[in-house]
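> Sequence and predicted structure below; questions after.
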Protein chains: 2
Amino acid sequence: MSDISIARSIKLKHINTIAEILGIDADDLELFGKHKAKLPLHLIDEDKIRKSKLILVTAMSPTPAGEGKTTVSIGLAQGMNKIGKKTTVVLREPSLGPVFGMKGGAAGGGYSQVLPMEDINMHFTGDFAAIEKANNLLAALIDNNIQSKSRTLGIDPRTVIWKRVMDMNDRSLRNIVTGLGGMGQGIPSEAGFNITAASEIMAILCLATDLMDLKKRIGNIFIGFTDTKRPVYARELNAQGAMAALLKDAIKPNLVQTIEGTPAIIHGGPFANIAQGTNSVIATKMGLSLSEFVVTEAGFGADLGAEKFLDIKCQSAGLSPNAVVVVATVRALKFHGGASLKTINDTNPAAVKAGLINLDKHIENIKKFGLPPIVAINKFPTDTEEEIAIVKNRCAELGVSVAVADIWAKGGEGGKELAEIVAREAENQTEKFKPIYDWNLPIKEKVEKVAREIYGADHVEYTSDAEKSLTQVEKLGLEHLPICIAKTQYSFSDDPAKLGRPTGFHITVREIEIAAGAGFIVLTTGSIMRMPGLPSLPSSEAIDIDADGNISGLF
Amino acid sequence: MSDISIARSIKLKHINTIAEILGIDADDLELFGKHKAKLPLHLIDEDKIRKSKLILVTAMSPTPAGEGKTTVSIGLAQGMNKIGKKTTVVLREPSLGPVFGMKGGAAGGGYSQVLPMEDINMHFTGDFAAIEKANNLLAALIDNNIQSKSRTLGIDPRTVIWKRVMDMNDRSLRNIVTGLGGMGQGIPSEAGFNITAASEIMAILCLATDLMDLKKRIGNIFIGFTDTKRPVYARELNAQGAMAALLKDAIKPNLVQTIEGTPAIIHGGPFANIAQGTNSVIATKMGLSLSEFVVTEAGFGADLGAEKFLDIKCQSAGLSPNAVVVVATVRALKFHGGASLKTINDTNPAAVKAGLINLDKHIENIKKFGLPPIVAINKFPTDTEEEIAIVKNRCAELGVSVAVADIWAKGGEGGKELAEIVAREAENQTEKFKPIYDWNLPIKEKVEKVAREIYGADHVEYTSDAEKSLTQVEKLGLEHLPICIAKTQYSFSDDPAKLGRPTGFHITVREIEIAAGAGFIVLTTGSIMRMPGLPSLPSSEAIDIDADGNISGLF
């Protein structure tokens, strides 16, 4: 059965019923139809947040086959509720663009999905559209200021780093020239579009604690320089008021349900390479205010998503997680153990064994944060008992808890064993969460810490462009910001071909970008795709809708 | 008091209460918060539509000062309800882009507004965002097909007429070059963005009768030609299913309320020059299904908006209006009578008298459609008794009903006199509505009819480009489509400087565009702005939001 046919077979509860589980007054809900609602920020309660447990779900280094981290997060939350732990799953909103490309939907799978999946995968409650609009209003204001004679700030168009965004896989918009057509039509400029998930506004919305913090961060966006080399910020265009007004609803997290009626809060969706890769601070705090446990997820592998979750988001928001689930699959272990993508469905205990080094390193890393790692083996039909035993034995050797999660096929029932372990570890946490680096260190020292301790690199090199940008960061007084390293998700190194647990390598910082509004410095190691393209056969071709509004072809 | 402060002073009713007035079961509503809801299409009832009365509000040729047609529509609907006629006002959704430019909001004014005005002026229920996404998915699919080697249709990129859209005043996007950056980044092409209201998807959504009709129309969109000069349609890219899926909620009309709690249905917002300029067919039919009277509005003056409403929309949807309100203002009459924009607030009976020729011609035109015109004088504080008497006397001479509408200051109470007249005329309609032209005539004959009978032109000329396009229209077998003439709104002629009632002129068709999906042929006479720019001081700079989410600076 396909995800959408499983989803369609479920009779959804009215969202009021889900809100009741969380003790939310029906009058506090802003309904979006019968199965979606926005939650007002006044429901956030710092006292309750301190008492609740935060579980992060991350993964070993991903493979092109997919490890099902979202599915495990949903299944685990369902399992937690089955064993009597009041749990909300808190997730990112999927991006629309990839839905029409190769990826299909991104709302979990099988019997561990968030619903209504068609809505969540498409416009949902309009958050991405609002972010897009706010982002593009700033672009229009910048170009308009450059065009204007009477009120110009003297921005040098060649220095403008602000890009437009569109939530669409449209490669033709990556590199464009705007402002053609003559004097009244703007200044000809090199420009481009990123996908909306890559917008700094997305990163800002997901780190903001409230509307005023959002507005302040928007005002701090660094745009470029004037002709006299003075830095220019969004606040100088008086952009932050209108942009925050555009985001007045987008800042509120969205309540939906899983296939088993577990409350799910879905809000924000920044990239996990050039941004923090996890749902909004507001959503996490909302979940912790409304239930005993929150299960949440960070993008890509633990070296990227979890590191940023812990070093950027948790530090920024004052959150302290209680346990970390590392999702592994037998298939991914085989891949890291040398099997090709084509053969990862074939039984291959030797490859599983060889691939364990990747998982080992992620486990070590989680421990460095002072957090208890728990390995979740996301079960696939092709896994053998012997292969699973190999993973379990290694975890036993390392003294790390492990459970098979059969949550695609069985939902919460298949996540109960994992849930029991997670609850026990989180409730009996002994060590205290500690970040890998202190924000106050110089940028290079912060990068060094992550590269050595998390990636296992020997050292870090910088291109001359990157060195120049570092000087700029210092000049702008932004050295105290946390770092956001954009790196391939497929390897601990900056080379996607180096699988397993590479050693004896260095990473090269090629470009540095200033996300002064979001409040971090992005260091790029290799080429990061910020505007995907469509494949020759786009998945949109299979998507259809019937006279009753039923959508098919989403998977 | 400003519009937003008046709006803020009103305690809105829950949208369930408004739905009750219309006899809608609460379970049929798709709530968007407490004050907005989408209405399911199954509430449309053709029997009820035939029994209800449809009132079109149009205007004399507009001036840059604004005539307040939307405000009169809302005030009239409020007045109708005050005299016991169950009335819904059905309007277009305002475009977001201009809100940040000069225009401010577009949800009526004073005590004749639709609420919540902040939401209606910003993202509302996401319809524009969905239309934008569907439009831009098609653009991405076209470019992707050109890029693809394996599944190419052989589209010649130089012939592609499909543009991207964004609901933003961003002049830099008017003329761009896309696909730069090398082989993997698309084919370098001249391209551009229009504002979302100018999208053919907007025109399609507003003419579609249901989801299947929508899908069919989308499939019929003409994209361009192959290298072998074969025409290419959207259906060849299998685009219509995914695009219609994106529009599954946008096709449903939105229920809100006026300041006096009168039901308002707001849905769709196509331009009135290059498109039909009026809300969706579905919204009009919904209004007629749910109340005795519908007051609706068409863009610009009666020569543009009303003509298209009657010849395109009413014919397409089988609607037959019962009366037409022609909004006039003393200020606009002065302008058409020779007064400058700066002096239209000064008392000037001679100019009012001289300007009546513009109103006369619009009245004549409405009669040509077999419909009773009713003149509504939208009252401004600067109007004198003498000036108003001049207008009333002329109407008496012409045997046309007239009323002063003091609806900005007094709401429905100020619209009661107009409401009494409208109800009487609509209920005692003797003639039957007849369009100006038969769709089956050749394109040139249809244009000739509108130009002579509505504009008062002597004849029509065509540029050689336009002649070439006409041959194309014939070749594509689209001669039977209705015509949509894009012309300045300021004059009956194609010269905005020719005020009043110009005679002895011809119009020149410069370009012809094929909107095969929407189902009309666009004939452009002069330059039509499809992507506005921002002024030196954008109104966005005054917009702000406070910690409680209250927006200021929208007017």
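Noted; the coordinates are in hand. Residues are numbered from 1 along each chain as shown, chains lettered A, B, ... in the order given.

> rest of the way, CA atoms for contacts and neighbours
Fine.

> so where do the strands sit in the stretch 301-450 of chain A?
For the stretch 301-450 of chain A, strands defined by DSSP state E, counting those that start in this stretch occupy the ranges A:323-328, A:373-378, A:401-405.

> Packed most tightly, which of those strands would that be?
Scoring the strands of the stretch 301-450 of chain A by mean neighbour count under mean count of other CA atoms under 10 Å in any protein chain shown gives strand A:323-328 as the most buried, with a mean of 28.

> how about stretch A:404-421: buried residues?
By 16 or more other CA atoms under 10 Å in any protein chain shown, the buried positions in stretch A:404-421 come out as A:404-409, A:411-421.

> let me fix that: stretch A:481-500
A:481-495, A:499-500.

> Quick one: end-to-end distance for it.
Length of stretch A:481-500, first residue to last, CA to CA, to the nearest Å: 31 Å.

> Please flag which of the buried residues of stretch A:404-421 sit within helices.
A:I407, A:W408, A:A409, A:K416, A:E417, A:L418, A:A419, A:E420, A:I421 (DSSP state H).

> So, low pLDDT: which residues of the stretch 351-500 of chain A?
By pLDDT under 70, the stretch 351-500 of chain A has no low-scoring segment.

> ok so, going back, so which of the strands of the stretch 301-450 of chain A comes closest to chain B?
Closest to chain B of those, according to CA to the nearest CA: strand A:373-378, at 31.5 Å.

> do you know how far the nearest residue to A:P349 once chain neighbours are set aside is from chain B?
In this structure, A:P349 finds its nearest non-sequential neighbour in A:E387, 5.3 Å apart by CA to CA, 6 or more residues apart in numbering or on different chains. Using CA to the nearest CA, to the nearest Å, A:E387 is found at 40 Å from chain B.

> tell me the contacts of A:L211?
For A:L211, the contact set (CA atoms under 8 Å, 6 or more residues apart in numbering or on different chains) comprises A:A244, A:K248, A:I251, B:D546, B:A547, B:G549.

> Is it correct that the second one falls within a strand?
No - under DSSP: H, G, I helix; E, B strand; the rest coil, A:K248 sits outside any strand and is assigned coil.

> OK, contacts around it?
Counted by CA under 8 Å, 6+ apart, A:K248 has contacts A:L211, B:G549.

> can you check the fifth one too?
B:A547 makes contacts with A:D210, A:L211, A:M212, as judged by CA under 8 Å, 6+ apart.

> now the nearest residue to A:R501 once chain neighbours are set aside: how far from chain B?
Nearest residue to A:R501, sequence neighbours excluded (CA to CA, 6+ apart): A:N358, at 5.0 Å. As judged by CA to the nearest CA, A:N358 and chain B stand 32 Å apart.

> is it true that A:N358 touches A:A59?
No - between A:N358 and A:A59 there is no contact under CA atoms under 8 Å: 10.4 Å.

> Just want to know which of those two has more residues nearby.
A:A59 (30 against 22; other CA atoms under 10 Å in any protein chain shown).

> what separates the more buried one from A:H506, distance-wise?
From A:A59 to A:H506 the distance is 23 Å (CA to CA).

> what does A:G526 give?
Relative to A:H506, and taking CA to CA, A:G526 is found at 13 Å.

> hmm, back to that, return the subset of the contacts of A:L211 lying in helices.
Taking DSSP H as the definition of helices, the contacts of A:L211 contribute A:A244.

> for the contacts of A:L211, which one is nearest B:D465?
B:D465 has its nearest neighbour among these in A:A244, at 45.9 Å by CA to CA.

> In contact with the closest one, which residues?
With CA under 8 Å, 6+ apart, A:A244 has these contacts: A:A134, A:L211, A:L214, A:K215, A:I218, B:D544, B:I545.

> List the buried residues in the helix or strand in which the third one is found.
A:L214 belongs to helix A:211-219 when assigned by DSSP states H and E. Within helix A:211-219, the residues that count as buried by 16+ other CA under 10 Å are A:L211, A:M212, A:D213, A:L214, A:K215, A:K216, A:R217, A:I218, A:G219.

> what residues are up against the spatially most central residue of chain A?
Centroid check for chain A by CA atoms, centre = their mean gives A:G277 as the closest residue, at 2.6 Å. Going by CA under 8 Å, 6+ apart, A:G277 touches A:G269, A:P270, A:F271, A:A298, A:G299, A:G305, A:K308, A:F309.

> picking up where we left off before, which of the buried residues of stretch A:404-421 are close to chain B?
With CA under 8 Å from any CA of the partner chain as the criterion, those include none near chain B.
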